[in-house]
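>>> Structure for the following, please:
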Amino acid sequence: LHHLSAAPPPPLQSPTRSSTPSSMALRTVARTATTTARRAVGARSVATLPDLPYGYGELEPVISGEIMELHHSKHHNTYVTNLNVATEKLAEATEKGDVTTIVQMQAAIKFNGGGHLNHSIFWQNLAPPSKGGGGEPDGELAALINAKFGSFDAMKTQLSGSTVAVQGSGWGWLGYDKATNSVAIATCPNQDPLEATTGLVPLFGIDVWEHAYYLDYKNVRPDYVNAIWELANWEDVAARLAAAK
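Next up, the predicted model:
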């Protein structure tokens, strides 16, 4: 009966990553999906320079067209460019697990991201008198100001004084405190963003970097700060308050 014995089965082969066309296709799809997702995230995170709701010369004589063009097209645009560079480097470092570079990028993102956020608010906070700039707020915004400071003029005096007193470069802000449903005055150095550093939601900001006023007011910062109230867009400020609630 020896000649009727079954032949031994062939040895089993160990599977490999490239063993079947279907597995290769699945890996290709996965890689494509991952790349597409990363590109989509990157596309959504790209900062852009916002358009102004008025012409460069429309804020004269408070702010000259020359300053507005330099401030918007050069200074703000530089913050946008540098922010995009920093966030791209951060994304690459995060993917590689490069903790040193991740830490190094934080300061650049804070400075340039803050500059982008602050200026994007600042342009909207202003309006030519022909388009509603100046005057005083009304409605809930006025009520909160009166409740905290006693009057609009008292708030204006306090915010102006705090802003003029900023050492070096920075911003003066009227912000909203969600926890207490009240408004408050704060100042921030350099381009530190108000909400990220104080918790206050920015409502109205005054830029006291010298590039914002020096060509018009030289070193007389108080004259610039006092004049900018003629351009305050209270409709925009009220809308920011409503959105923060």
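>>> Name the single longest helix found in the chain.
Using DSSP state H, we find that the single longest helix of the chain is helix 99-125.
>>> Remind me what the next helix-or-strand element following that one packs against, helices and strands.
Once the chain leaves helix 99-125, the next helix or strand it forms, by DSSP states H and E, is helix 139-149. On a contact count with 3 or more C-beta pairs under 8 Å, 6 or more residues apart in numbering; DSSP states H and E, helix 139-149 meets helix 152-164, strand 182-189, helix 234-244. C-beta: built from backbone N, CA, C; applies to glycine.
>>> How about the contacts made by the residue lying closest to E235 once chain neighbours are set aside?
Closest residue in space to E235, ignoring its immediate chain neighbours: G132 at 5.8 Å, by C-beta to C-beta, 6 or more residues apart in numbering. Applying C-beta atoms under 8 Å, 6 or more residues apart in numbering to G132 gives the contacts 233-235.
>>> from those, which would you call buried?
Of the members of these, the ones counted as buried by neighbours, 16 or more other C-beta atoms under 10 Å, are 233-234.
>>> quick one: secondary structure of F204?
Following DSSP: H, G, I helix; E, B strand; the rest coil, the label given to F204 is strand.
>>> what's the neighbour count on it?
Using other C-beta atoms under 10 Å, F204 is surrounded by 27 other residues.
>>> ok, now which ones touch K110?
So K110 contacts 191-193, 196 (C-beta under 8 Å, 6+ apart).
>>> Among those, list the two that are farthest apart in space.
Q191 and A196 (10.9 Å; C-beta to C-beta).
>>> which residues do the two both contact?
110, 114.
>>> I figured S162 was touching I185, is that so?
Yes. Applying C-beta atoms under 8 Å, one finds S162 in contact with I185, separated by 5.6 Å.
>>> more neighbours, these two?
I185 (19 against 16).
>>> want to try CSV for the contacts of G132, with distance to D51 and pLDDT as columns?
Below are the contacts of G132 laid out as CSV (distance: C-beta to C-beta, whole Å; pLDDT from 0 to 100):
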residue, distance to D51, pLDDT
N233, 16, 98
W234, 21, 98
E235, 18, 98
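>>> ok, the contacts of G132 vs E95, which is closest?
Set against E95, the nearest of those by C-beta to C-beta is N233 (41.5 Å).
>>> so that closest one makes contact with P128?
No. Using C-beta under 8 Å, N233 makes no contact with P128, being 9.3 Å away.
>>> what pLDDT does the closest residue to V99 other than its chain neighbours get?
If the residues on either side of it in the chain are set aside, V99 comes closest to A93, at 7.9 Å by C-beta to C-beta, 6+ apart. You'll see A93 listed with a pLDDT of 96.
>>> and what of Q13?
On pLDDT, Q13 comes in at 44.
>>> again with A30
At A30, the model reports a pLDDT of 40.
>>> Please apply the same query to A196.
pLDDT, A196: 96.
>>> residues contacting it?
110, 114.
>>> now it: how far from E69?
Distance of A196 to E69, computed by C-beta to C-beta, to the nearest Å: 29 Å.
>>> so where's the protein uncertain?
Counting by pLDDT under 70, the chain contains low-confidence ranges at 1-44.
>>> repeat that for 80
Filtered on pLDDT under 80, the chain yields the residue ranges 1-45.
>>> Can you tell me the closest non-neighbouring residue to the spatially most central residue of it?
Centroid-nearest residue in the chain, with C-alpha atoms, centre = their mean: L117, separated by 2.7 Å. By the measure of C-beta to C-beta, 6+ apart, the closest residue to L117 outside its immediate chain neighbours is P193, 4.9 Å from it.
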